[in-house]
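A.B. asks: The following comprises the amino acid sequence and a computationally predicted model.
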Protein chains: 2
Amino acid sequence: MNAQKVTIADVAKRAGVSKGLVSFALNDRPGVSPETRSRILAVAGDLGWKPSLRARSLSTRRSFALGLVVARNPEVLGSDPFFPSFIAGVESILSNRGQALVLSVVPSEEAEFRSYRQLVDDGRVDGVFLTDLRHDDPRIPLLTELGVPAVTLGRPDGPSPFPAVSIDDTPGIAESVAYLAQLGHRRIAHIAGSSTMLHGSRRREAFDAALRAAGLPAGQTIETDFSVAAGSDATRRLLGQEDAPTAIVYANDPMAIAGLGVAHELGIRVPDELSITGFDDIDFSRYVYPPLTTVSATPVVWGRAAATTLLALIETGTAADVDLPAARLIIRGSAAAPAHTRKSAT
Amino acid sequence: MNAQKVTIADVAKRAGVSKGLVSFALNDRPGVSPETRSRILAVAGDLGWKPSLRARSLSTRRSFALGLVVARNPEVLGSDPFFPSFIAGVESILSNRGQALVLSVVPSEEAEFRSYRQLVDDGRVDGVFLTDLRHDDPRIPLLTELGVPAVTLGRPDGPSPFPAVSIDDTPGIAESVAYLAQLGHRRIAHIAGSSTMLHGSRRREAFDAALRAAGLPAGQTIETDFSVAAGSDATRRLLGQEDAPTAIVYANDPMAIAGLGVAHELGIRVPDELSITGFDDIDFSRYVYPPLTTVSATPVVWGRAAATTLLALIETGTAADVDLPAARLIIRGSAAAPAHTRKSAT
DNA sequence: TAGGTTAGCTAAACCGGTTCAGACGACTCA
DNA sequence: TGAGTCGTCTGAACCGGTTTAGCTAACCTA
C-alpha cells in the first residue's frame, strides 16, 4: 500500500504548513505554536512518517553512528572475550538513542590507520572508540588530525585531547600477588601481555610493585602477545626451569587456561604443585578445573560507560573522564599454599 | 589549509565541465570522451576530491553498508568464538569494496526484530546477514516484508527467497561418532545445542543417524542452549548416572571444554575413562589438556563467502547458493578406546 | 496613532551528489 | 544539400531533510 515512502513534503502539505515548519516541529525548536506543533505531529503520526536518516545526514553532516576499529589477528580474536562483551555494552546504550555501531576488524596496525581515516573521511561515524591503548599511541595524533571526537579506553601515557574511560587494573594484580604471597608463595612469576600495550605493561608494573610490597624478591616475567598459544609456550618455559615458580600470575584468562593445560600435561597438579591466577573472569574460567582464581573485568560496564561518554562528547562538545570501579580478585580453586608449605603443615 | 571540503562543483568548475559530467566520469559511465574523462580525473586527483558518501547515499538510496544482528546474551557472547571470526571474514571482503559493517548486538529475539526493522527503515544497510537459523525462522518473512537483500548462513528448513551460504556439519558429527565407535565405544551420548536452532537439531540428527550407521543402540542426548554453563551441567548429569556413557559428543567446543572440567573435577580421566569430542575447533581446544578432538569449523571462510554472496546479490539482484567444504574431524587427544576395551587389550 | 517588537510562519537556499531531457556540433547517408 | 544519427556535454530537477532571511499580523509602548 505505502508504495512510496512518505516524506516531509507530504506531511507539510497534509498539515497545511511549510516543510521548514515540519522540521522545526519535529526537532522541538521554538517558533512553532503549540497547536500547530501538535497538529503537525499528529499528521506525521497518521502518515507514519519517519524522517530519512540519509537526508538528515547530508544536511546536518552527522551520521548518527559510532565507530569501533579492532586490530586483531582473526585467529586470536576468537579467544578474546573482551570485544563481544564490550560491544554488547556499547549497543545497550546506542540502541535507545537511535545510534548505530560501525565495526571494523583489521589485521594490522597499518590497516587500522587506514580504517580510522576511511571511517571519518566517509563521514560514516560521528565519533570513535580507541581501545588497546599503546605507548605514545600514534592513533591519538591521527584522530586529533582527523578532528573526530573520540574516547580512550584507559588513560593514555601521553597528552590526549580525548576523555578517558578507565578501569584501574592495578588493584586486581596487587590483590592476586598479595593473596599468593600470603598463601606462602615466594617464587611467583608473571606471564605478561604485550609491553607495547598500555594495559600489558601496567599489569606488569603492578606485578613488580606488589612483589616489592610483599617483601619478595623480583619475580620472573615473560612477555607475550596475550594469545592462548603464547600463554602455553611461556608456561612451558617457566615450568621447564630448574627453580620453577610455584605460582604464576597471568595477564589474562585465556593464557591462564592454556597454562592449566600445560600443567596437566606435565603432570603438575594445580593448585597443589602450582598456583595460577588469571585476569578477566571470562565465562570459561568458572568451568575449567580447577576453577580459575582470577580478577573480574567488566567489559559490558566499560562499553556502556564509553558509549555514554562518547555520545555526550559529540553532543555537548565536552565530556569528563570516567573512572569505573577497579577490577577485584575472585578467589576460586586454582591457587593454594605451595607444596613445601603444605608438607610442613601436615 | 583545505578548510572546506572540496565538492563535485569545485572539480567541475576547475575542469571546465558540468557537475553531471564529473559524476559520469567518476562512475565510468559512457558519454564522456576519453580526454575529458582523464582530465576530470586528473583534476579530481589534484584537488583531492573524494565524493561524499552521504550525498551519494541520499541520491542513490544506497548506504554502502551491510548489517549483522546478533541476538545473544552478553555473558554467553564472550565465550562464543563464532562471531568474532565470522566478522573478521566479512570485513576482509568489505574493506576492499568501500563497504562498512553495521553491527547490532541485542539480548532478545524481540529486540532482534526491532533491530532489523530499524536498520532497514533507517536505510543504514543495503543487505543483512541472517545467522543462527531457527526452525521456520520468523525472520525470513520479516526480511522478505522489509524487502531487504539477505543471505542466510545455512539452508533454512522452510521456503526462503534468499541465497544460502552453507557448511554441512553432518559429516563432522558422523566422523566423530564413527571414530568413537571404531575405538570401541558403545555408550555414546550427545550434548546437543538448542533444538530451536537449525544447526542444533541438525547435529543431533546427524548424531542419531551415525549411531544407527555404526550399528549402535540409540544414544542419550541432552539438549542445551550451547552455553558453557549448560555444557557443564549436562556433563555432570550424564556422568552421575548408573550407566554413564564412555564417550560424549558435544555440539560445540565451549561445552566440551566445560565437560573436560567436570570430568577432571570428578576424577574421571580423559581420555582413559571418558572420551570427548567437540565441534568448532576454537583456539582454546588445542591448548586444553588433553587437547580436544573436534571438528574444524571455518567461520572466517564462512564470513568471506557470505559477504561476497551478499554483495553480489545487492549489485546484480541475484546470487546462487554457496556450499562450503564440509567441516572435518580433527583427531587430537581427548578420545581413546574405552576403559574395558583397554583392559582386555592389555 | 505611529513605530517597534515579537511570535508564527513561508520561501528559498543549501547539503553534495545522481540522473535525465535536451542542446549542439560533427559525421553519415541518401 | 538536407535529414538523421551519434557522441559529447549542459542545465536543471531530484534525493529529503535543515536552516536562514524575511514576511505578516498581533501586540506593546510612547
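C.D. replies: Happy to help now that I have it. Note that the structure is a prediction, hence the values are computed from the model and not measured. Numbers count the residues shown, from 1 in each chain, chains lettered A, B, ... in the order given.

A.B. asks: Quick check: next helix or strand after the lengthiest helix in chain A?
C.D. replies: Ordering each helix of chain A by length in residues (DSSP state H) puts helix A:299-316 first. Using DSSP states H and E, the helix or strand that follows helix A:299-316 in sequence is strand A:322-324.

A.B. asks: Could I get the buried residue list for whichever helix or strand comes after that next one?
C.D. replies: Using DSSP H and E, the helix or strand that follows strand A:322-324 towards the C-terminus is strand A:328-330. By neighbour count with 16 or more other Cβ atoms under 10 Å in any protein chain shown, strand A:328-330 contains the buried residues A:Leu329, A:Ile330. Any C-beta I mention is one placed from the backbone N, CA and C, and that applies to glycine too.

A.B. asks: repeat for stretch A:62-73
C.D. replies: So for stretch A:62-73, counting by 16+ other Cβ under 10 Å, buried means A:Ser63, A:Phe64, A:Ala65, A:Leu66, A:Gly67, A:Leu68, A:Val69, A:Val70, A:Ala71, A:Arg72.

A.B. asks: filter these down to the ones close to chain B.
C.D. replies: When these are checked against chain B using Cβ under 8 Å from any Cβ of the partner chain, the ones in range are A:Ser63, A:Ala65, A:Arg72.

A.B. asks: Can you name the residues that contact A:Leu310?
C.D. replies: A:Leu66, A:Gly127, A:Val128, A:Phe129, A:Pro149, A:Ala150, A:Val151, A:Ala319 (Cβ atoms under 8 Å, 6 or more residues apart in numbering or on different chains).

A.B. asks: A:Val76 reaches A:Ser227, doesn't it?
C.D. replies: Yes - look at A:Val76 against A:Ser227 with Cβ atoms under 8 Å: they come within range, at 4.9 Å.

A.B. asks: neighbour-wise, which of the two wins?
C.D. replies: More neighbours surround A:Ser227 than the other of A:Val76 and A:Ser227, with 23 against 19 (other Cβ atoms under 10 Å in any protein chain shown).

A.B. asks: For the more buried one, list the residues it contacts.
C.D. replies: A:Asn73, A:Val76, A:Ser79, A:Pro254, A:Met255, B:Asp283.

A.B. asks: 6 Å - rerun?
C.D. replies: A:Ser227 sits next to A:Val76 when contact means Cβ atoms under 6 Å, 6 or more residues apart in numbering or on different chains.

A.B. asks: Quick check, pLDDT for it.
C.D. replies: Note for A:Ser227: predicted pLDDT of 93.

A.B. asks: Just say helix, strand or coil for the closest residue in space to A:Ile40 that isn't next to it in sequence.
C.D. replies: Distances taken as Cβ to Cβ, 6 or more residues apart in numbering or on different chains place A:Ala25 nearest to A:Ile40, at 4.1 Å, with adjacent residues excluded. Recorded secondary structure, A:Ala25: helix (DSSP: H, G, I helix; E, B strand; the rest coil).

A.B. asks: Between the ones next to chain B among the buried residues of stretch A:62-73, which sits nearest DNA strand C?
C.D. replies: Nearest to DNA strand C among those is A:Ser63, at 12.9 Å by Cβ to the nearest atom of the strand.

A.B. asks: okay, the closest one: pLDDT?
C.D. replies: Listed pLDDT for A:Ser63 reads 97.

A.B. asks: same check, this time on the one 3 residues further on
C.D. replies: Per-residue confidence at A:Leu66 stands at 98 (pLDDT).

A.B. asks: Does anything pack onto the host helix or strand of it? Which helices or strands?
C.D. replies: A:Leu66 is part of strand A:65-71, with elements assigned from DSSP H and E. Packing contacts for strand A:65-71, counted by 3 or more Cβ pairs under 6 Å, 6 or more residues apart in numbering or on different chains; DSSP states H and E, involve strand A:100-106, helix A:109-121, strand A:127-130.

A.B. asks: and the angle for that strand with helix A:109-121?
C.D. replies: Between strand A:65-71 and helix A:109-121, the angle comes out at 170 degrees (axes from the mean of the first three to the mean of the last three Cα atoms, to 10 degrees).

A.B. asks: What about the residue nearest to A:Thr144 when sequence neighbours are not counted? Give its phi and psi, please.
C.D. replies: With Cβ to Cβ, 6+ apart as the criterion, A:Thr144 has its nearest non-adjacent residue at 5.9 Å, and that residue is A:Pro161. Main-chain torsions, A:Pro161, degrees, to the nearest 10: phi -80, psi 0.

A.B. asks: A:Pro161: neighbour count?
C.D. replies: A:Pro161, neighbours per other Cβ under 10 Å, totals 10.

A.B. asks: With the one 5 residues further on instead?
C.D. replies: Counted with other Cβ under 10 Å, the burial measure for A:Ser166 works out to 19 neighbours.

A.B. asks: Residue numbers of the stretch 51-200 of chain A in contact with DNA strand D?
C.D. replies: Residues of the stretch 51-200 of chain A lying close to DNA strand D (Cβ under 7 Å from any atom of the strand) are A:Pro51, A:Ser52, A:Arg54, A:Ala55, A:Arg56, A:Leu58, A:Ser59, A:Thr60.

A.B. asks: Grab the nearest non-local neighbour of A:Gly172.
C.D. replies: A:Val295 (3.4 Å).

A.B. asks: wait, the one you found sits on A:Pro171?
C.D. replies: No - using Cβ atoms under 6 Å, A:Val295 makes no contact with A:Pro171, being 8.6 Å away.

A.B. asks: so where do the strands sit in the stretch 101-250 of chain A?
C.D. replies: A:127-130, A:150-153, A:164-167, A:188-192, A:221-223, A:247-250 (DSSP state E, counting those that start in this stretch).

A.B. asks: Turn those strands into CSV, columns for mean pLDDT and distance to A:Arg328.
C.D. replies: As requested, those are exported to CSV (pLDDT from 0 to 100; distance: least, Cβ to Cβ, whole Å):
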stretch, mean pLDDT, distance to A:Arg328
strand A:127-130, 98, 24
strand A:150-153, 98, 19
strand A:164-167, 97, 11
strand A:188-192, 98, 19
strand A:221-223, 97, 23
strand A:247-250, 98, 15
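
A.B. asks: Tell me which of those sits most buried.
C.D. replies: Stretch with highest mean neighbour count among the strands of the stretch 101-250 of chain A: strand A:247-250 (a mean of 31; mean count of other Cβ atoms under 10 Å in any protein chain shown).

A.B. asks: outside of that strand, which residues touch it?
C.D. replies: Counting by Cβ under 6 Å, 6+ apart, A:176, A:180, A:185, A:188-191, A:207, A:256, A:275-278 sit against strand A:247-250.

A.B. asks: Report the rounded mean pLDDT for the next helix or strand after that strand.
C.D. replies: Per DSSP H and E, the first helix or strand lying C-terminal to strand A:247-250 is helix A:253-266. Looking at helix A:253-266 alone, the average pLDDT works out to 97.

A.B. asks: Mind giving me the packing neighbours of whichever helix or strand comes after helix A:253-266?
C.D. replies: Following helix A:253-266 in sequence order, the next helix or strand is strand A:275-277 (DSSP H and E). Strand A:275-277 sits against strand A:247-250, with contacts defined as 3+ Cβ pairs under 6 Å, 6+ apart.

A.B. asks: next one: the strand it packs on to chain centre, how far?
C.D. replies: 23 Å (Cα atoms, centre = their mean, to the nearest Å).
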